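J.: Sequence unavailable; structure follows:
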């Protein structure tokens, strides 16, 4: 069965600190996709990034970076120089191929609540 | 921009009532999903639909049903609401394909008294 583990339930940092959110996954599929979503206090989940199982290049987008390592089944997310606006719950998710044509599901981790204090 | 809207942000119902949660998307997505979110449990899939009138059970379908009569609308129905269905309900939609991200609505916080 596919599974996503976010071992850090809550993290609290002071503004400008760097912070890494961990994500470990389990799957038997050879082709899969990993996602990160942000859920700010307003409640709406916002898509941040997608990574497929064949692309292990790290990605950087501004202060955000992602480290995908198949050898350790991890897809970690780092925020550099954190800001108060980064305070949110962050979810890691794994795509699961569906049995019906066109049906696909996401398996979510339980989320990590990040609080950035001024 | 993709827009997923949910009929209510907050809803209070009584035990035993029939509850309808509505979700509408405007991006012509084939797939639509209903999740519930509870503290410490993350997002759990209730039902999803990959086409009009097609539905598939998720991880926790008990006590819920769904309806998809039109492509843009996906309804979640609580036939007889119970207090343990007090939760945040999130709707999402996407194009088919394992690689496509899901777009989420703002959520409905349902309280069952």
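T.: Perfect, I can see it now. Everything numeric here is computed off the predicted structure, so don't read it as measured data. Numbers count the residues shown, from 1 in each chain, chains lettered A, B, ... in the order given.
J.: for residue B:8, what are its contacts?
T.: B:21, B:108 (C-beta atoms under 8 Å, 6 or more residues apart in numbering or on different chains). Placement of C-beta: from N, CA and C, glycine included.
J.: ok but it is inside a helix, no?
T.: No - Residue B:8: not assigned to a helix; according to DSSP: H, G, I helix; E, B strand; the rest coil it is coil.
J.: Over to it: give its phi and psi.
T.: Residue B:8 adopts backbone torsions of phi -140, psi 150, taken as degrees, to the nearest 10.
J.: Chain A versus that one, what's the distance?
T.: 13 Å (C-beta to the nearest C-beta, to the nearest Å).
J.: pLDDT value on that residue, please?
T.: Per-residue pLDDT puts residue B:8 at 91.
J.: quick one, phi psi at the residue sitting nearest the centre point of chain B?
T.: Relative to the mean C-alpha position of chain B, the nearest C-alpha, by C-alpha atoms, centre = their mean, is the one of residue B:34, at 2.8 Å. In terms of degrees, to the nearest 10, the main-chain angles of residue B:34 are phi -120, psi 130.
J.: Please name the residues that touch it.
T.: With C-beta under 8 Å, 6+ apart, residue B:34 has these contacts: B:21, B:23, B:45-48, B:58, B:64, B:66, B:74, B:76, B:89-91.
J.: pLDDT of the helix or strand hosting residue A:38, averaged?
T.: Residue A:38 belongs to strand A:33-39 when elements are defined using DSSP states H and E. Mean pLDDT, strand A:33-39: 95.
J.: Can you name every helix or strand that it contacts?
T.: strand A:46-52, strand A:74-79, strand A:88-97 (3 or more C-beta pairs under 8 Å, 6 or more residues apart in numbering or on different chains; DSSP states H and E).
J.: Please compute how far that strand lies from its chain's middle.
T.: 5 Å (C-alpha atoms, centre = their mean, to the nearest Å).
J.: Next, the residues that contact that strand from outside, please.
T.: A:23, A:25, A:45-53, A:66, A:68, A:75, A:77, A:88-95, A:106, A:111, B:98-99, B:101, B:104.
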